[in-house]
Structure formats: structure tokens, C-alpha cells
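Engineer: next one to model:
(chains A and B)
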Number of protein chains: 2
Amino acid sequence: MASVDLDAVHALALQLGKDAGKMLDDGWRLRVSGGAQAQQVEKDSAVDIVTQTDLGEQSPLNVRPDPSTQQLVTFIGEETYSKGSSKEYLVGSGPTWVVDPLDGTVNYTHIVPFFCVSIAFVLEGEPVIGVINAPLLHQTFSARKGHGAWLNDMQLPLIRNPVPPMPAAAPKGCVFSCEWGKDRRDRPDSNLHRKVESFVNMAAELGSRDGKGGMVHGVRSLGSATLDLAYCAMGSFDIWWEGGCWEWDVAAGICLLKEAGGLVTTANPPEDIEKASIEDAKLGGRLYLAIRPAGDSAHETGRQGQERTVREVWRRVRHLEYPRPGA
Amino acid sequence: MASVDLDAVHALALQLGKDAGKMLDDGWRLRVSGGAQAQQVEKDSAVDIVTQTDLGEQSPLNVRPDPSTQQLVTFIGEETYSKGSSKEYLVGSGPTWVVDPLDGTVNYTHIVPFFCVSIAFVLEGEPVIGVINAPLLHQTFSARKGHGAWLNDMQLPLIRNPVPPMPAAAPKGCVFSCEWGKDRRDRPDSNLHRKVESFVNMAAELGSRDGKGGMVHGVRSLGSATLDLAYCAMGSFDIWWEGGCWEWDVAAGICLLKEAGGLVTTANPPEDIEKASIEDAKLGGRLYLAIRPAGDSAHETGRQGQERTVREVWRRVRHLEYPRPGA
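Structural biologist: Residues are numbered from 1 along each chain as shown, chains lettered A, B, ... in the order given. Down below sits the predicted model:
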């Protein structure tokens, strides 16, 4: 493995997040003030800022490959795939930047505030540094493995002190975050209908729908997977359930959530919901179920409460079909 | 009608919004830092700040009734009804504050940033001043009839300059905002199922669902009617459709939206969707369909584009049943 100065990488990620966030912020203001500049301009510029980081000797990155292995730092993001390759999973064991220069593109186009830049640094397939900057929300999230997670100057999670356990009747009492996504096919068993059936199960009154009614406290949809994860890391969203994301949508958020004490596993229920072991979500798996950080109660540890909540969600949701090309 | 110094009322509303927003902000920070103080404390305090305004001679309000009519300024808000009265519509023709000291209560409880204080001043049944402060978003909205609408120091709408017309195939291309609400009954024709059927119609691919598929650009749910309206006034949300709100949820937002150039009418489709005249929503009507400000195109005025969009939404949504006690 390349030897990497993670202090320097973290500082660089923060600076890149700040610079790219500024570009996004300047971009929408430019659009509002008028003029002929297309909205594409600022997205390209933000992309440039983050992609310049992997350009080798002339790069501002200062993350150098180990001379003994000559392993290069790789850059993975939506733009990596724009050049015609199929969307195979390309993150290897070497140090890799996994970046989305603009998450929440629809929001950005409409100047809905829930857009951000998402920057992760991945070692051995695991996001170890994550930086998320949502400039119109004035929110910069940052995490580093073993060093905690932050929103601006506040350590996460940001819920009551001490951190509350998961609600005893979860998902009742939980804020449930979910997204409608881009797959809107109206076939009887399409992802759209599987999602909606799952949403309704989570929302409906307790005991309804053959016991699947979950009576969550609220249902929220922001249109940004990155911010969904960040808000789970805050503790604001108790549950986020989604399929169809790519690794650049979630890498920084996963680092943030795990450092804050949250859990992230697969969205799709296993065969034996009650007994299946709860594994960490695969970065390239496209299916995510995130649970907020949770404290211990008199009856169970925080982790037990999170796992109980995972199983209660699995009981209520359908399988989603988001295959991985090449997988 | 009482003679009212609207300059003074507007300045006071801004100050009250600032003070009450600060209370909310202090409140969640207090919860995060720990200690035994219940979350109710800060809600009560924010309520105190805004309700002190109608306490007569000792009030900081400085909105005096016309001595010739002796008509008093009335205060209407959720708390007005907490004292046991049924929720009849109480806003008369006299000058009336219509206030929600905390809109987005579920969000506030969970420290999801979409909560705010909403302050409206109503004359002859029409909101003529509106102030909305969402402290965790750093967003203060303000509007006064005839004087425009603002987000912080930026005039609304906040979309491209010039303001774009409604999309030619609306609701396609639109960001659609909707809320799941508190009525989660699982009966076949409950509001929950009427809403979900409507949401799916708006989201599904064009041409599907017997022509009702609307293929909106995105579906968003924030959990705050006030902010839904404010984001429509920005131009960020193109369409907001909802039932079940009370006047304190929407009064300030309606003032904001109309001053920004938006339209707000009833959520429930009329008998003759194509030809019905499109009336302004009634403040106490509990049913709202809001359309963002829109510019003219080569083929139609902005208002015509908004009305076309209203009819396209009406074609896709179900009637909702939120009766008004006493109505």
C-alpha cells in the first residue's frame, strides 16, 4: 500500500471542498444575476478543481505514491465514466479519491439549497476521509477515520446529549429519509412502485398493512444522497433507505456516518431478516440503509438498537433492482 | 378599519422574527449541549416572544387600534386554539397577527434544519406582511404587499434572470414539493392513499397512468409548509401541493409567494378543470396549490403558464378531505 500522509490529505480535502463549494456558490449567483453564461460553466469549473488533484507531478495534491510500489492515486467520480466506459466498479485497494463535484444536480439547477460537493479519500476500499460542503446551507461536514465527524465546528452527532437510543418502537418515532430517484417506469414491479410501497409501509399507521405500517414521525426527501447520509450522521434523520446510488454519491457520507457512530448496510432485506448478520454496506453496492448514531438504553446497546431498527426497516421494504454493470 | 402604520408593523415583524428565531436557535443548541432542560422550554419561550405582541398597552407592538373604532389587534396562532376552542376560522377583517412561533415541529425535535418562525400581519383577511426566519438555514424571508419579497438581502424570485417561464410540458421539468403529513390512516380512500396516488401520478414517466404520469424533475418533502411556500417564492420549488395546513402555517408564506410573483390556489381540482377560473386560495381553506413566479414566453404570459400548470396538476391529483371545523 502506498504510504500516505493522511494529515495532508485531510487538509487538502478540506481546502478542495472549500474551493469547489465556492465555485458552486459563485455559479448559482451568476445565474441569478443574469448574463449568458450557461449553468454548465460552474459545474465544469468545480469539476476542474477536484480533478486537478490527480494530475500527477504538477498536482496540488501532495499525496504521492509510495516510491517502492509506484502505485498511483486514482480518481473516481461521475466524470470518470463520462468518457464512454461502462459503470464497472473501479475502486481498488490503492489510495483513491472518490469525488462528486456536484451532488444534487437537480437541486442545483433549480437553486434548491440541497446540493454539495462530496470528496472522499479511500484506502483499501474504505473511505477514511470525507468532506462535504453545501454552500447554500452554510454546512461543511468533515470526517477522518478514528478522529470523529464534524459539522462546521460542532462534533457529530448533533442530537441530544447524551445521544438517545433508537426509539423503542422504531421506526415509529423516526424521521425517515428516502428519495424518488430517476427511475420512474410505471411497470407493475418497477423500482418506482417497489419504492412507493416501501414508503407507504413506513408511513402508515402502526398495525396497518399486515403489520408493516411503521408510523414514522416524518418522511423527508431532499434529492441528495450525500446530504441524506450527512443528516443521518447529524442524528437528524434516523433512517435513510435508498437504491441506485453510485460510490461518489456516498463515499464521503459513509465515512461521516461511521465516524459519528452510525451504521450503514444494504437496503435489500436478506432471506432471514431476523437472524442475518448485519454487514457494512459495500461501497459499490448501490443499495444503502443508514441508521443514525444511537446511545445505549437500559435494555440494549446503541448497536443493538441500530440493528433492531435495520431489521424493522427490512420487514417493511421491497427488494430494489439496481444492478452493477460488470458485477 | 383600524389605521395601521405598516412601516412600524413590518419593522416589528422583522425584529420579532429575529428574536424568536434566536430563541429557537438557542434552544436546539441547549439540547445538544445537554442538561435537563426539556425541549419544550424554548418553544414556550419563542411563543412568549410573539404572543407578547398582542398584550395591549404594555405591548411592544406599537400597532394601535384606531381610537374611533376601538378595533383591537387580534392574535391567531396554534396556541390560540390550545385553550380548548375548536379550530374555527377566527381571522376577521380587522388587523390580525397570524403567527406560528415554530413551524416544522417534527424537524425541530430531530434537529432537521427545516424549522422556522412564521409571522404574518393580516388586513381585511389578506396577509400584507410576512416574515419567516429559519435560523439553522441562515435564511430570513420577508415580504410586504406592494414592496416585494426577499431572502436575506436578495430579492425574490431567486431563479435565473430573466425569470424563466413555466416549462412547456409542465409538470415535466418541475421540482414538485409535497408532504406526507400526520394523517396516516390506511383506509382505502384515506388522505394518505389519495396523496400517494397523486404523488405517483406526478412522478411517473410521461404518458403512463392513463396519461396522468407527469415525470416531474424531482419530488421533495421538507416537513414545513412555511418553507415549502418560501422555496416556491424563491422559484426553487416549481409546484407545492398540500392539504391540512392551518392559516398560521401559510399566512406569511402566501404573502411572500404573491409578492415574488407566484400563484396560490386550492389543492382540490374543480369540476371543470379546463375552464374553471383560478381563484386565490382562501387563507383558512386548508388546501393549497402553489406555483412559482414565472416569466413570459413567446407563446404565453407568466400568469398563463402558471394557470396551465395549475390545470396540469389538477388533472393528476385526488381530492383531499380536510374539513374546517365550524365551516
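Engineer: name the nearest residue to the residue nearest in space to the middle of chain A, ignoring sequence neighbours.
Structural biologist: For chain A, A:Val250 is the residue whose C-alpha lies nearest the centre (CA atoms, centre = their mean; 3.0 Å). Leaving out its chain neighbours, the residue that sits closest to A:Val250 by CB to CB, 6 or more residues apart in numbering or on different chains is A:Ala225, at 5.8 Å. All C-beta atoms are positioned from the backbone trio N, CA, C, and that covers glycine.
Engineer: got a list of what the residue nearest to the centre of chain A touches?
Structural biologist: By CB atoms under 8 Å, 6 or more residues apart in numbering or on different chains, A:Val250 lies in contact with A:Ala225, A:Thr226, A:Leu229, A:Leu283, A:Tyr288.
Engineer: you'd agree the last one is in a helix?
Structural biologist: No: when classified by DSSP: H, G, I helix; E, B strand; the rest coil, A:Tyr288 is found to be strand rather than part of a helix.
Engineer: you'd agree it is up against A:Trp241?
Structural biologist: Yes: in this structure A:Tyr288 lies within contact range of A:Trp241 using CB atoms under 8 Å: 7.4 Å.
Engineer: re earlier: let me see the contact set for the residue nearest to A:Val250.
Structural biologist: Here A:Ala225 is in contact with A:Asp103, A:Glu179, A:Glu242, A:Cys245, A:Asp249, A:Val250, A:Gly253, A:Tyr288 (CB under 8 Å, 6+ apart).
Engineer: show me the contacts for the closest residue to A:Ser236 other than its chain neighbours.
Structural biologist: Among residues not flanking A:Ser236 along the chain, B:Val112 sits closest, at 4.3 Å (CB to CB, 6+ apart). By CB under 8 Å, 6+ apart, the residues touching B:Val112 are A:Val175, A:Gly218, A:Arg220, A:Tyr231, A:Ser236, A:Phe237, B:Gly104, B:Val106, B:Gly223.
Engineer: of all of the stretch 1-150 of chain A, which residue lies closest to chain B?
Structural biologist: A:Gly34 (3.3 Å; CB to the nearest CB).
Engineer: can you flag which of the contacts of A:Ala225 belong to strands?
Structural biologist: Those of those mapping onto strands are A:Asp103, A:Glu242, A:Tyr288, per DSSP state E.
Engineer: return the distance of the closest residue to the first one other than its chain neighbours relative to chain B.
Structural biologist: Spelled out, it's A:Asp103. Nearest in space to A:Asp103, with sequence neighbours left out and distances taken as CB to CB, 6+ apart, is A:Thr226 at 4.1 Å. Per CB to the nearest CB, to the nearest Å, A:Thr226 is found 15 Å from chain B.
Engineer: A:Thr226 contacts A:Ile254, doesn't it?
Structural biologist: No: at 9.9 Å, A:Thr226 does not count as touching A:Ile254 under the criterion of CB under 8 Å.
Engineer: between those two, who's got more neighbours?
Structural biologist: A:Thr226 (31 against 28; other CB atoms under 10 Å in any protein chain shown).
Engineer: quick one: average pLDDT of the strand or helix carrying that one?
Structural biologist: Using DSSP states H and E, A:Thr226 falls within helix A:225-234. Mean per-residue pLDDT for helix A:225-234: 98.
Engineer: what residues are up against the residue nearest to A:Gln139 when sequence neighbours are not counted?
Structural biologist: Nearest residue to A:Gln139 in three dimensions, chain neighbours excluded: A:Leu151, at 6.1 Å (CB to CB, 6+ apart). By CB under 8 Å, 6+ apart, the contact list for A:Leu151 reads A:Gln139, A:Thr140, A:Phe141, A:Leu158, A:Ala230, A:Met234.
Engineer: switch to 10 Å and redo it
Structural biologist: A:Leu151 is in contact with A:132, A:139-142, A:157-158, A:230-231, A:233-234, A:236, A:256, A:260, counting by CB atoms under 10 Å, 6 or more residues apart in numbering or on different chains.
Engineer: how's chain A carved up into domains?
Structural biologist: Here the domain parsing of chain A from automatic domain parsing is A:6-155, A:175-314.
Engineer: re the thing from before, between the contacts of A:Val250, which is nearest chain B?
Structural biologist: Closest approach between these and chain B, by CB to the nearest CB: A:Ala225, at 12.9 Å.
Engineer: double-check A:Asn133 against A:Leu16; I have them as touching.
Structural biologist: Yes: with contact defined as CB atoms under 10 Å, A:Asn133 reaches A:Leu16; the gap is 9.0 Å.
Engineer: could you tell me which residues touch both of the two?
Structural biologist: In contact with both A:Asn133 and A:Leu16: A:Val117, A:Ile119, using CB under 10 Å, 6+ apart.
Engineer: which helix or strand contains A:Ala281?
Structural biologist: In the assignment (DSSP H and E), A:Ala281 maps to no helix and no strand.
Engineer: just give the nearest non-adjacent residue to it, would you?
Structural biologist: A:Val264 (4.7 Å).
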